[in-house]
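Asks: quick one, fold the following:
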Amino acid sequence: MRAVPPGFDVSVWEQLESARARVSSGDLAGAGEIYRIAYEARRARQDHYYASVIAHQAGVNEADLKRKHEWNLIAVAEADAVTDRTRVRDFYASNLNNLGMTYAQLGERSLAKTTFERALTHASELAPGAYADQVRAGIERNLARLSTEGVAT
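Replies: Model (predicted):
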């Protein structure tokens, strides 16, 4: 198991690591169940920050496009409910990028474009560095694909 990041809830980290191990072993259904249980527990506590983190990871690892999209919608909605915006600043643009990708894959070009543009705006809030460059480049690549191909991947 990877080390728990400073200040991160140990129980949530353990659930995420357990789900990651299931994904690595090919047990996507088992991972999905761990994400669902972890999300529901945090949602019941109205812990929007961790609910967003869990939903984001569930969306990343979900194979079914419709369920992936639902997780992405949840991840953004939960992040939007976090009062202290500095807590979600580091992953909010990525959440929006993932949501934009599923909108594009579902053929919702207008919603995809709007979501990618919103993601790009929030990418400017990231601390300069490799991660910010990676997130920004991914969003810009998805916007370009949307204009030329119509579907982001």
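Asks: quick one: the lengthiest helix in the chain to chain centroid distance?
Replies: Counting by DSSP state H, the longest helix found in the chain is helix 130-148. In terms of CA atoms, centre = their mean, to the nearest Å, the centre of helix 130-148 is set 15 Å apart from its chain centre.
Asks: can you report how many residues lie near Gly32?
Replies: Other residues near Gly32 number 20, with proximity taken as other CB atoms under 10 Å. Where C-beta positions appear, they are placed from N, C-alpha and C, glycine not excepted.
Asks: and what of Leu143?
Replies: Look at Leu143: counted by other CB under 10 Å, it has 20 neighbours.
Asks: again with Thr102
Replies: Each residue near Thr102 was counted by other CB under 10 Å, and the total is 24.
Asks: pLDDT score for Gly150?
Replies: Looking at Gly150, its pLDDT is 51.
Asks: still on that earlier bit, name the residues of the longest helix of the chain that are buried.
Replies: 132, 135-136, 138-139, 142-143, 145-146 (16 or more other CB atoms under 10 Å).
Asks: check stretch 104-118 too.
Replies: Buried-residue list, stretch 104-118, by 16+ other CB under 10 Å: 104, 112-113, 115-116, 118.
Asks: now for these: which two are most distant?
Replies: Farthest apart among the buried residues of stretch 104-118 by CB to CB are Ala104 and Arg118. That separation is 13.8 Å.
Asks: Asp27 is in contact with Ala63, correct?
Replies: No: assessed by CB atoms under 8 Å, Ala63 is found out of contact with Asp27, at 11.9 Å.
Asks: give me the more crowded residue out of these two.
Replies: Neighbours per residue, other CB under 10 Å: of Ala63 and Asp27, the larger number sits with Asp27, 14 against 9.
Asks: for the record, mean pLDDT for stretch 80-93?
Replies: 94.
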